[in-house]
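# For reference, the sequence and a predicted model appear below.
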Amino acid sequence: MRTSKDTKRARNQAKKQLQLVRKAESVEREMREVPRHCPYCHGKMVTKKISELDPGSPRGNQFIRVCEHYGDTCTCSVKLYDNLKPKGIPADIKLKLLRCEVHFYIDCLLKLGLFDCRDDVYKWLSFVLDIERTKCHFLMLREDGCQKAITQAVKKLASQPERTKGKFWAYCSPDERYIPYSQREEELNKMLAELNSFR
């Protein structure tokens, strides 16, 4: 039986591990290069304030790196930290919508108590996706990584129907033209239907 001393020791170890992960993530962020060319159309990437692209945005003073063709023929962008280092890897609208879906299912895993904290979700995801923990964040995932993350998250939700059935809705895209990956994939669609997750 675990004593209060054991619990305290376990908490201290967990805090130390979390500090190490955060330190590694910080180093990873510092090392991340500012993209110079768009990975989609190879146009030049330029830094702008969000207010230049969206005058009404509450985040207008924050910086973003966009393709020079942004708004015309390209949708590629990446948000920047205050030190102008990228928060992730550049993404077009399709990848951004996939990342929204990943984020949605991560939130479901947390809200339904399948994990204690966001860091636990990312530790689990890094293990099942076989990628380094410091590179396992939805802003760092490309399309295939997002698809794998969505698949694993939905399977995890389906593995515990007593905790999840009827307690969350399947992801609904803000863009009506985009059919969510979890609904395009037959296996995942079936799992979500069995969990009564459709409105």
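Received, thanks.

# Going by C-alpha atoms from here, please, whenever you check contacts or count neighbours.
Noted.

# Poorly predicted segments of the protein, please.
For the chain, the stretches with pLDDT under 70 are 1-32, 199.

# Give me the most central residue, it.
Geometric centre of the chain, nearest residue: F138, 2.3 Å, by Cα atoms, centre = their mean.

# what's the closest non-adjacent residue to that residue?
Excluding its sequence neighbours, the residue lying closest to F138 (Cα to Cα, 6 or more residues apart in numbering) is R99, at 5.8 Å.

# same check, this time on I150
Leaving aside its chain neighbours, I150 sits nearest to V102 (5.4 Å; criterion: Cα to Cα, 6+ apart).

# cool, E52 as well?
Nearest non-adjacent residue to E52, counting by Cα to Cα, 6+ apart: G60, 7.7 Å away.

# residue contacts, that neighbour?
K49, I50, S51, E52, D54 (Cα atoms under 8 Å, 6 or more residues apart in numbering).

# How is V66 assigned, secondary-structure-wise?
Assigned with DSSP: H, G, I helix; E, B strand; the rest coil, V66 falls in the strand class.

# still on that earlier bit, what's the helix or strand for the residue nearest to E52?
Using DSSP states H and E, G60 falls within no helix or strand.

# Go ahead and confirm I89 touches L139.
Yes. Assessed by Cα atoms under 8 Å, I89 is found in contact with L139 at 6.5 Å.

# Between those two, which has more neighbouring residues?
The neighbour comparison of I89 against L139 (other Cα atoms under 10 Å) goes to L139, with 22 against 19.

# Under a three-state scheme, what state does the more buried one occupy?
The three-state assignment at L139 reads helix, by three-state DSSP.

# Chain neighbours aside, what residue packs nearest to it?
G88 (4.7 Å).

# what sits against the one you found?
G88 sits next to V78, K79, L139, M140 when contact means Cα under 8 Å, 6+ apart.

# Out of those residues, give me the two with the largest separation.
Spanning the widest gap among the contacts of G88 are K79 and M140, at 11.8 Å by Cα to Cα.

# Neighbour count: those two, which is higher?
For K79 versus M140, the count of surrounding residues by other Cα under 10 Å is larger for K79: 23 against 16.

# I figured the more buried one was touching K96, is that so?
No. K79 is beyond contact range of K96, at 11.5 Å (criterion: Cα under 8 Å).
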